[in-house]
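Visitor: after the sequence you'll find the predicted model.
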Amino acid sequence: MIIVLTLVLQILHAALILAAAPLAAGALDWLEARFAGRAGPPLLLPWASLVRLSRKTPIEREAGSPGLRYAPAAAFGATAAAAAMVPSFTLDMALFPLADILVIVSLLSVARVAEVLAALDAGAALPGLAAQQASAAAVPAEAALVVVVFALALMGGSFNLDLIIEQQAGLPTAAAAWVALAALLALAAADDARRDPPLDQHLTDTGLAIAQFAAWLRRLVWIDLIGALVFPAGLAASAAPLDWALGFAGWAARLVAGILALAGLRALLGSLPARRARELAGAAGLLALVAALLVLTGTRMA
Amino acid sequence: MSDLILLLLTADMAALLLLGALAAVVPPAAGPVLTAGLGGLGALLCVPLVLPGAAGATLDVSAGPPGLHLHLALGPLPAFFLLLALFSGTAIALFQKAAAPRRDLVRATSLCLAGAILSLLAADGVTLLLGATLVCAMLVRDRQSARARATLLVPLLLLAAVCLLTPTGFPPRFDAIRAAPVGDVPAGAAAALTVAGVSLMLCPRVPGRDWVRQALVAGAVLPVGLYLLIRLVADLSAPAVQTGWGVVLLAAGGWITLRGAWRAASEADITAAVAALVRRQAGLMVIGVGLALTARATDLPQAQSLALEATMLLALGTSLAGTAAVLAVEAMASSTGTVHPARLGGLAQTMPRTAAVLAACLLGVAALPPGVGFAALWLLFQALLAGPRTGGLIDQVPPALAATVIALSAAIATAAAVRLVGVAVLGRPRTPQGAGAREILGIGQIILATMAALSLVAGIIPAVTLRYLADAAVREVSGSTQGVRSDMMMLAASPASPGYAALPVLALLVLATGCAILVVRWLRREAKPAGLWFDGMTPPAGFPFGEPMAQSAGTGFLPSLPALPALPRLRLPPRPRLAAVTPVAALWLLLAAFGALLLILAIMGGGA
């Protein structure tokens, strides 16, 4: 019975994040436009874009590897697998034993690698340039993310995300937690930076739709991850429907706060060039190292 | 049973030595087959000894100076590394059969495997010297550089380390060292010599196109070097010495792994890039041994076991995936006639099976799930998590920096793997040679596919792999229970916390990807064929297929480093010229130094 319940919760979580990812993307674009004094696009524009792209006449590649034809789908699959493990409204989901935070960030890396390989396989100059830039940007960012994850695991005594979240809820004043949070925010801002040329510019039709969906899902993973670690209100391993309702409310609040924060960062920082994004990731790495040292030496906030 | 296996392995080693000595008269086509047969037999003999519950055996060979007879010992730890070295050696020998068989390559392979067996079975300093000399002689053969000649000093350094560990009045045997450990000062000096010697052994500079030596370094030399590091520093050295040397190993391993990863992502030669990835793995293994030493010094047996298990998994992954990657790259280089990624491309269409093997092997040496490299990385982080938390800021800086270095190395290695696959294998052929590349012979493909498949299996079920291959070896060193609580699915460091479940994660990944593919196929409409490099537009006259050289040339995959102020260069006095010192002269020097050491031992009362 409990297994069935956790499975139902997992399916509900998957459906929620799949529905929320384009909606969050639309809300972010709308807020960004509003901050800039413009009217802003419709909230459901991302969904409309998905439908429009899926109706376009596809272009069949004359060259390229057959195995990488489905690279956007593989990138989406890796991102969706990571998103399925990051809790939204409850901790008691079927994938709880798999929710190792090192695995989650590595799945995000797998998604990026699939996108980069697809761009290199296109055999053109600009996608290759985009792949080079994405790889160069990922080196400091992914290293810093793993160090942040290590610091969080030191705080929680485990790499399991649910256990870390439960542990974090009891230690709100740890100095290392705030430093790790700063590092995570910097990494999220660097990850959200616009790339020129974009990595998906060689894609068309459904491939592009899947790639865009994966990017929105990736952004939602960031928001859910930071939100669950910083403000785990309502997140609990419980089978009571009232707790789930509280969990939904908490998740909605975290989602709104995350979108507001990202839109605010975009308004403040503007379009972050690739070089600045790399520097931001490097600074996040240093912050992550400081957080790990603070945990290891047992420093707490007074 | 163990005694018989040891005897047969000794006979196997003697047969390999004989084959190496007679390689000039053995028919070229028969040499690789004989080497593979002897190597495969040795690997099969090792299997019973790596399984849990295996007993050790010793053998005295009545050869050598009086009182310094050769002593051989076989336990789970040497058996694990022997299995790796001999299996890889067998694959390398068979691959020679698929490529053009050459007598000098047969000699190098058979002598290196014989040296590996002797080094791993050695239970005294003299046997260790002989085995290490054979391995190092293979590494420096025909090489004139100072670095290559310095490799000849490795056996001497190791012998000196064993002599320093030996109590006064005893022959340099491992059982005597265990019975009466020496003081901290000689043990520290022995550790320093061992680290210097093993570093030279783990990071040899092999010419890019010398694929047999590169493959032997990945498959046979790395296991031997790692075993010697574990045996001499973690097993035989005094416990008081180990804390400091744990930190030294962390620093040395960090430098090796970062340097290796960076070179792998920036080398303009695919064979050198793969060799650099192998060196990066060696650095991670050194870090693993350093973590084990630190944990042992602070009496944390589980952290020690976790670090050793990570090291064993890294060794296994490098031995399988690293060796196969070297062989796959050689197949590509020999088929296309070039090693520059900017002149390759499109090999996924002309050599699809070799390309798939290379991708699978790079997954094994990078840090992406579900590769074996990721499982080892996960275990390294678990060892750091379970490591000591005592002491102040100074004491905690090494583990924090180790975590940062491991993370940075993993990120750079991923960039290097993406660059190798994306530029050399994917895209369009950049040159006619690339477009005309053909697959290698069937036996070569079978060898590559087998090694890649084994590497993938080890990554998908790391818990089972560790339980059946490395558990007894870890127990021999740590003397404690298993660090990993494992079942078929889950690799967990503690019963209170779930861990890394590679197979379910892979299933989840496949399920999510499969759903996305189904949606794509369901929405599929009639397609318009076009070259994507023109975005569907009509191509300009003169470039009907686009300009293939406009594709990425394999540079720019790493972030640019900030400009640091250059340190003032010290002007040293000119060094004496060593150009006249040939490898033969170096071997004579080695023999003379060996004689001097024996004399010193005799004066000190050795040989009693």
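Guide: It's in. This one's a predicted model, so the numbers in the text were calculated from it and none came from an experiment.

Visitor: buried ones in stretch B:176-185?
Guide: Within stretch B:176-185, the residues that count as buried by 16 or more other CB atoms under 10 Å in any protein chain shown are B:176-177, B:181-182. Glycine gets a C-beta too; all of them are placed from N, C-alpha and C.

Visitor: give me the pLDDT value at residue 167.
Guide: The chain I'm using is chain A. Per-residue pLDDT puts A:Gln167 at 78.

Visitor: you answered for a different chain; I wanted chain B.
Guide: 84.

Visitor: how much space separates it from B:Arg231?
Guide: Distance from B:Pro167 to B:Arg231, counting by CB to CB, to the nearest Å: 17 Å.

Visitor: please identify which of these two sits among more neighbours.
Guide: More neighbours surround B:Arg231 than the other of B:Pro167 and B:Arg231, with 23 against 14 (other CB atoms under 10 Å in any protein chain shown).

Visitor: check contacts around the more buried one.
Guide: Neighbouring residues of B:Arg231 by CB atoms under 8 Å, 6 or more residues apart in numbering or on different chains: B:77, B:174.

Visitor: show me where the stretch 351-500 of chain B has its strands.
Guide: Shown for the stretch 351-500 of chain B, the strands assigned by DSSP state E, counting those that start in this stretch span residues B:485-486, B:491-492.

Visitor: hang on, the earlier thing: can I get the buried residues of stretch B:176-185 in a markdown table with distance to A:Leu145, secondary structure and pLDDT?
Guide: Converted to a markdown table, the buried residues of stretch B:176-185 look like this (distance: CB to CB, whole Å; DSSP: H, G, I helix; E, B strand; the rest coil; pLDDT from 0 to 100):
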| residue | distance to A:Leu145 | secondary structure | pLDDT |
| --- | --- | --- | --- |
| B:Ala176 | 50 | helix | 85 |
| B:Ile177 | 45 | helix | 86 |
| B:Pro181 | 44 | coil | 79 |
| B:Val182 | 46 | coil | 80 |
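
Visitor: distance between stretch B:587-598 and the chain's centre?
Guide: 29 Å (CA atoms, centre = their mean, to the nearest Å).

Visitor: follow-up on the earlier one: by mean pLDDT, show me the worst of the strands of the stretch 351-500 of chain B.
Guide: strand B:485-486 (a mean of 62).

Visitor: quick check: B:Met332 vs chain A, distance?
Guide: In this view, B:Met332 and chain A are 15 Å apart by CB to the nearest CB, to the nearest Å.

Visitor: make that B:Leu129, sorry
Guide: Noted for B:Leu129: a distance of 41 Å to chain A, by CB to the nearest CB.

Visitor: could you dump the helix or strand hosting that residue to PDB, C-alpha only?
Guide: Using DSSP states H and E, B:Leu129 maps to helix B:125-140. What follows is helix B:125-140, C-alpha atoms only, in PDB (Å, rounded to 0.1, in the frame of the first residue of the first chain):
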ATOM      1  CA  GLY B 125      63.200  -6.200  -1.900                       C
ATOM      2  CA  VAL B 126      65.400  -8.200  -4.400                       C
ATOM      3  CA  THR B 127      62.400  -9.700  -6.300                       C
ATOM      4  CA  LEU B 128      60.700  -6.400  -6.300                       C
ATOM      5  CA  LEU B 129      63.900  -4.800  -7.800                       C
ATOM      6  CA  LEU B 130      64.000  -7.400 -10.600                       C
ATOM      7  CA  GLY B 131      60.300  -7.100 -11.400                       C
ATOM      8  CA  ALA B 132      60.300  -3.300 -11.300                       C
ATOM      9  CA  THR B 133      63.500  -3.200 -13.500                       C
ATOM     10  CA  LEU B 134      61.700  -5.300 -16.200                       C
ATOM     11  CA  VAL B 135      58.700  -3.000 -16.100                       C
ATOM     12  CA  CYS B 136      60.800   0.200 -16.200                       C
ATOM     13  CA  ALA B 137      63.100  -1.200 -18.900                       C
ATOM     14  CA  MET B 138      60.000  -1.700 -21.100                       C
ATOM     15  CA  LEU B 139      59.000   1.900 -20.400                       C
ATOM     16  CA  VAL B 140      62.300   3.500 -21.400                       C
END
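
Visitor: what is the nearest of the buried residues of stretch B:176-185 to chain A?
Guide: Chain A has its nearest neighbour among the buried residues of stretch B:176-185 in B:Pro181, at 31.3 Å by CB to the nearest CB.

Visitor: ok, back up a step: could you export the buried residues of stretch B:176-185 as a markdown table, including distance to chain A?
Guide: Listed next are the buried residues of stretch B:176-185 as a markdown table, based on distance: CB to the nearest CB, whole Å:
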| residue | distance to chain A |
| --- | --- |
| B:Ala176 | 40 |
| B:Ile177 | 35 |
| B:Pro181 | 31 |
| B:Val182 | 33 |
